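Asker: give me a 3D structure for the following:
(chains A and B)
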Amino acid sequence: MQFARFAITRAFLAMFTLILVSLIVFSLMELVPGDCAERYLAFKSSQGSAITIADIDAERVRLGLDRPYLVRWGSWIFNAFQGEFGDSCILRLNISELLGQKFWLSLAICLTSLLVAYLIAIPVGIISATSKSATLNNSLRLVSYLGLAMPNFLLALMIMLFSTIYFGDTLTGLFSKEFRDAAWSYDRVKDFLSRAWLPVFILAWSATAFAIQTVRALMSDEVGKLYVLAASARGVSGRRLLWRYPARHSLGPIINSLGFDLNRIFNELPIVALILVLTEAGSLLYDALAASNDQQLAGAIIFMLTASIVTINFITDIALAITDPRVRRSILG
Amino acid sequence: MTETAIIEETDANVDQKRKEAYFTAGQGQLIWARFKKQKAAMVGAGLLIVLILSGFFAPFLTPYDPTIAGRNKDYLNGAPNVPSFCDDHGCSLRPFIYSFKRSRSIETNFRWVTKIDTSLEARRYVVFFPQGDEYTLLGMDLSTHLFGVDSGKIHIFGTDATGKDIYSRTLQAINTSLAVGTIGVFIAFVLALIIGGISGYYGGWIDSMLQMMTDAVRTIPTIPLFMALAAFIPATWSSETRFFFISIILGFVGWPTLARRVRTHLLTERNQEYVLAAQLCGASAGHVIRRHLLPSFTSYIIVDLIISFPYMVLSETALSFIGLGLKDPVNSLGVMLQNVTSADVLLNYQWYFIPVFFFITLVLAFVFVGDGLRDAADPYADTKK
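Answerer: Residues are numbered from 1 along each chain as shown, chains lettered A, B, ... in the order given. Below you'll find the predicted structure:
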């Protein structure tokens, strides 16, 4: 009963956040100079037809851009929740078709990087927080800071150069030529996996650095606490002690921030996509914002991404509440 | 017998004095004492000071103007000139470099090829404090540079595709990136202080509302946010306007993390007795925040600012890298990094990578100093270990 109430409160909060975020995203896209009607007709004008102001106004009416701001936001968000984002301003294609599996591919790449990052960071962070050796600690710190300071596009470039010289393949793209437009099949999956490891590795590189920092800080806060001392006084020791007591407590906040970690990883995706010539949502977003000012497409991608983050935050909240009664109480009072 | 008693007494005295010094030391002195003990942080601090100073005095420390005005049009994509003391013709006390000839003919397949002339006459000696390009530093118009060569030009980090001196550009770039970071951190800080301050002091529903807003802003990935804001920048804007706009964007995007920390500090502090005492005396909310709450965690705020600094520099770099931030005539670290991305550079002009090391050092130095300060500012750091 208590749990159901918690879940419902959380779901409402998530919904509210999503609506608030959609307002921010929608306003941002409004701020981009020019609108869809102008952009479409600018294209037509470049094709040779003469365009007048009246044509632009007519196009605005056709697209519904003459309606008040809040009304347009309302209809945008209403359609967005049904997975319908209208047509792209520049490409004149339905956005859902255009994005299609590309968004899910990007999300899968980001989530895999996140998983890899924590698979490495949790054991390493715990070792670094509990070991007494200063050399080990300092070298781990240096390596993880290098992950932070070494720009990931540089890493990508190095790997590409290396593979071009030694394997004769640039490793760019997500599929090789013959599979690019093919339907999903066993071979296509294999081909995808043989290429997707590179963006995953590069994205996980800096994410791991960040994650080690977090795990280490949280863990070293917990290790000194009295309940750990009490447990070791009762005779629990070694790995068993660490996993049963401090690690369990310090992993809570980490699970809680997974959504924001995903956010940070996705941040770097457009840059990596640019170098590795990936054809997924990150590069589409880059094109839409940097090259063509396609606000419909950009808004759709950012909205889908924030929706995924809010969903992950919601799921982790529920998961935490199942395992930790303190979380339930903090929300319900 | 008496001697040992005296020694014991003085020991006790010294001990007493040390304790007294410890208990009466200001917050700043305690932090400094703890900070000094951390070797990595001290090295970082040293490097950071060197980098900041070299950025600030860049026009003097570098031989040429980092803009197109100071370019060497005879030495495009030129390799670094490394000064040496000795060669086949014997040694010289003054370091020297060689002059070179550029030629293009049927033998070189019509590509520009630089030939170094290693004869004794072709030596060019390094001179100190020569007169060169004019610059303004600390309000003075100067033209003296730290070093140069007696004839021709010296490029210790080589030159880029337009013949600009990479060494001069790098130092200038540090300056620009630090300036962008400072403005960005400052704006983020003011916003964080206001929003986090209100949220933490009042608590209750105001806090919940503001927290929800902060979380919403945090949910939007920053790079797309940057990109959307940067899409505003008309192509016609001058590089200075662009520069300020980018700094402001960085500030407006960077506040949520800081605001959260300010809020957490305030939430724990506001229930302390001294706040209650001030409130009972009739102090207004603004007075309590300014006079009592903020000073209670100034050191934490400073630490937070330094920690958030490298992220500002990184963001600037990322933004410039995707071509939405600063653009080529401006020298920023992001612009310098953007230049290394072509395959031509990777294969033929590796000296373009020199600024990358400066960038990595700068970020690492900031992170180590921030980390050291955080440990030093934690009053329980000693008792924990």
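
Asker: residues from the stretch 1-150 of chain B in reach of chain A?
Answerer: B:Ala40 (CB under 8 Å from any CB of the partner chain). Backbone N, C-alpha and C define where each C-beta goes, glycine included.

Asker: what about the helices in the stretch 1-150 of chain B?
Answerer: B:2-24, B:27-36, B:39-56, B:58-61 (DSSP state H, counting those that start in this stretch).

Asker: with mean neighbour count and distance to A:Phe192 added, can I get these in JSON lines?
Answerer: Listed next are those as JSON lines, based on neighbours: other CB atoms under 10 Å in any protein chain shown; distance: least, CB to CB, whole Å:
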{"stretch": "helix B:2-24", "mean neighbour count": "9", "distance to A:Phe192": "62"}
{"stretch": "helix B:27-36", "mean neighbour count": "15", "distance to A:Phe192": "50"}
{"stretch": "helix B:39-56", "mean neighbour count": "17", "distance to A:Phe192": "42"}
{"stretch": "helix B:58-61", "mean neighbour count": "20", "distance to A:Phe192": "48"}
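
Asker: stretch B:185-202 and chain A in contact?
Answerer: No: Stretch B:185-202 does not reach chain A (CB under 8 Å from any CB); its nearest approach is 15.1 Å.

Asker: what does stretch A:238-247 rub up against?
Answerer: Outside stretch A:238-247, the residues within contact range by CB atoms under 8 Å, 6 or more residues apart in numbering or on different chains are A:Ile122, A:Ile126, A:Thr130, A:Met219, A:Glu222, A:Val223, A:Lys225, A:Tyr227, A:Val228, A:Ala231, A:Ser232, A:Val236.

Asker: 10 Å - rerun?
Answerer: A:122-123, A:125-127, A:129-130, A:215, A:218-225, A:227-232, A:234-236, A:248, A:250-251 (CB atoms under 10 Å, 6 or more residues apart in numbering or on different chains).

Asker: any quick PyMOL command for the buried ones out of the residues you listed?
Answerer: For the buried members of the contacts of stretch A:238-247, the matching PyMOL selection, counting by 16 or more other CB atoms under 10 Å in any protein chain shown, is:
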select buried, chain A and resi 122+125+126+127+129+215+218+219+220+222+223+228+231+250+251
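
Asker: so which of the helices of the stretch 1-150 of chain B comes closest to A:Met29?
Answerer: helix B:39-56 (37.1 Å; CB to CB).

Asker: okay, residue 169: pLDDT?
Answerer: You didn't pick a chain, so chain A it is. A:Asp169 is assigned a predicted lDDT (pLDDT) of 64.

Asker: my question was about chain B
Answerer: 83.

Asker: show me the contacts for A:Asp221.
Answerer: A:Ala129, A:Pro246, A:His249, A:Ser250, A:Pro253, B:Lys384.

Asker: what about 7 Å?
Answerer: With CB atoms under 7 Å, 6 or more residues apart in numbering or on different chains as the criterion, no residue contacts A:Asp221.

Asker: one more: B:Ala41?
Answerer: If you count contacts by CB under 7 Å, 6+ apart, B:Ala41 has them with B:Phe35, B:Phe368, B:Val369, B:Asp371, B:Gly372.

Asker: need the helices for the stretch 101-250 of chain A, in chain order.
Answerer: For the stretch 101-250 of chain A, applying DSSP H, counting those that start in this stretch gives helices covering A:134-149, A:152-167, A:186-223, A:226-233, A:238-244, A:246-256.

Asker: what helices or strands is the first one leaning on?
Answerer: It refers to helix A:134-149. Helices and strands touching helix A:134-149, as assessed by 3 or more CB pairs under 7 Å, 6 or more residues apart in numbering or on different chains; DSSP states H and E, comprise helix A:95-130, helix A:186-223, helix B:354-377.

Asker: B:Asn72 is nearest to which of these?
Answerer: helix B:354-377 (16.7 Å).

Asker: how much space separates A:Val25 from chain B?
Answerer: 7 Å (CB to the nearest CB, to the nearest Å).

Asker: doesn't A:Gly299 make contact with that residue?
Answerer: Yes: taking contacts as CB atoms under 7 Å, A:Val25 lies within contact range of A:Gly299: 5.6 Å.

Asker: what about those two, which has more around it?
Answerer: Per other CB atoms under 10 Å in any protein chain shown, whichever of A:Val25 and A:Gly299 has more neighbours is A:Val25, with 29 against 26.

Asker: adding distance to A:Phe3, write the helices of the stretch 101-250 of chain A out as JSON lines.
Answerer: Below are those laid out as JSON lines (distance: least, CB to CB, whole Å):
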{"stretch": "helix A:134-149", "distance to A:Phe3": "37"}
{"stretch": "helix A:152-167", "distance to A:Phe3": "41"}
{"stretch": "helix A:186-223", "distance to A:Phe3": "26"}
{"stretch": "helix A:226-233", "distance to A:Phe3": "26"}
{"stretch": "helix A:238-244", "distance to A:Phe3": "24"}
{"stretch": "helix A:246-256", "distance to A:Phe3": "17"}
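
Asker: which among those helices is found nearest to A:Ile77?
Answerer: helix A:246-256 (26.7 Å).

Asker: I appreciate the help and will end here.
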